[in-house]
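J.: Sequence and predicted structure are below.
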Amino acid sequence: MRPAPRPGAHKVAVLALDGVYPFELGIPHRVLGSADGRYEVLSASVDGRPVRTDSDLTVTPAHGPEVLAGADTVIVPPYAVTAASATVPDPRALAALARVRPGTRLVSICTGAFLLAAAGLLDGRRATTHWALTDHFRELFPRVELDADVLFVDHGDVLTSAGAASGVDVCLHLVRRDHGSEVANQVARRCVVPPYRDGGQAQYIERPVPPASGTGTGPTRDWALRRLDRPLSLDELAAHAAMSTRTFARRFREETGLSPGRWLTQQRLRRARHLLESSDLPVERVAHEVGFATATSLRRHLAAEAGVAPSAYRRTFRASVP
């Protein structure tokens, strides 16, 4: 049984549109609902009536569009997009979005971005959606800076994610942003999903599973994770994998969707965030422990990822853990 929402819990409204995808509709409830009552997740339809899904079932949200007016976050899960619905969305859906208060955080999963874009909420912003629909999206919404190669995009007040499982990634990202990586990791364990996939990671990876022959980069990634406090060059990584640097870099990207350098920075930041949340180590020591040459380098990278300094990150997320 999930605990009841805490007093003052962050209220999340999930707007189910006609043709909603059942799997993604359930993601906010499953992920955010596993955060020990920190979120109150409510489902809504555009008219308070049952909603047809894209499968052979109908769902009955407990609320109508009025619940969006009091939400702190509104999530639009994907729905079956047709040429007609993409060009001229359901006016009731646009009216429901019009109820959202200024400053409310908006999140789309997969084709949910079509509704946000149709409402003009993505104009001039970088956004993403499912890779298979990018040409259609660009044609309809040329004022949106579409990035088809990432799992999700965080603009602070508006977040968009790609298809299916990336909805899990963006919801975990919300938990991490709101309450820190320790809470997000607990939620991930309860949901039996990976705790972190970088939003900039590629949506579609040509060869996501390392070759069965054992010639992949997985063992070298494990080796590197045990040595994050040391400088690790591409030459060293390639030598450990017994590959040329060119072959190693190519296989690494094929298997992870990231360059070795970006992956290393991501892992160093993950460990730094953990240490900032769980220890009293000075920032300079944290930087040393995770392999950044200086505290200044850690500050720069953390600011680029989380928008805050290490000291502010520590104050915010250590205070949020009960």
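T.: All right, it came through fine.
J.: So for the helix or strand containing His29, what gets flagged as buried?
T.: Here His29, judged by DSSP states H and E, is contained in helix 22-32. Across helix 22-32, burial judged by 16 or more other C-beta atoms under 10 Å covers 23-32. Quick note: C-beta positions are derived from backbone N, CA and C, even for glycine.
J.: Look up how far Arg270 lies from the most centrally placed residue in the chain.
T.: The chain has Val170 as the residue nearest its centroid, 2.2 Å off, counting by C-alpha atoms, centre = their mean. Val170 sits 17 Å away from Arg270, going by C-beta to C-beta, to the nearest Å.
J.: re the thing from before, following the helix or strand hosting the residue nearest to the centre of the chain, which helix or strand comes up?
T.: For Val170, the host element (DSSP H and E) is helix 166-179. Next in sequence after helix 166-179, counting helices and strands by DSSP H and E, comes helix 181-191.
J.: right, and the helix or strand after that following helix?
T.: helix 218-225.
J.: chain center to that next one: distance?
T.: Centre-to-centre, helix 218-225 and its host chain are 24 Å apart (C-alpha atoms, centre = their mean, to the nearest Å).
J.: Starting from it, tell me the next helix or strand along the chain.
T.: Sequence order places helix 234-240 as the next helix or strand after helix 218-225, per DSSP H and E.
J.: Tell me the helices and strands packed up against that next one.
T.: helix 218-225, helix 245-256, helix 260-278 (3 or more C-beta pairs under 8 Å, 6 or more residues apart in numbering; DSSP states H and E).
J.: out of those, which comes closest to Asp149?
T.: helix 245-256 (11.9 Å; C-beta to C-beta).
J.: residues touching Arg138, list them.
T.: Counting by C-beta atoms under 8 Å, 6 or more residues apart in numbering, Arg138 makes contact with 144, 146.
J.: give me that answer again for 7 Å
T.: Leu146 (C-beta atoms under 7 Å, 6 or more residues apart in numbering).
J.: circling back to that earlier point, output the helices and strands packed on helix 234-240 in JSON lines; the columns should cover distance to Thr111, mean pLDDT and mean neighbour count.
T.: What follows is the helices and strands packed on helix 234-240, written out as JSON lines (distance: least, C-beta to C-beta, whole Å; pLDDT from 0 to 100; neighbours: other C-beta atoms under 10 Å):
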{"stretch": "helix 218-225", "distance to Thr111": "33", "mean pLDDT": "93", "mean neighbour count": "16"}
{"stretch": "helix 245-256", "distance to Thr111": "26", "mean pLDDT": "91", "mean neighbour count": "18"}
{"stretch": "helix 260-278", "distance to Thr111": "28", "mean pLDDT": "92", "mean neighbour count": "20"}
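J.: possible to save the ones you listed as a markdown table with distance to Val59?
T.: Below are these laid out as a markdown table (distance: least, C-beta to C-beta, whole Å):
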| stretch | distance to Val59 |
| --- | --- |
| helix 218-225 | 40 |
| helix 245-256 | 36 |
| helix 260-278 | 36 |
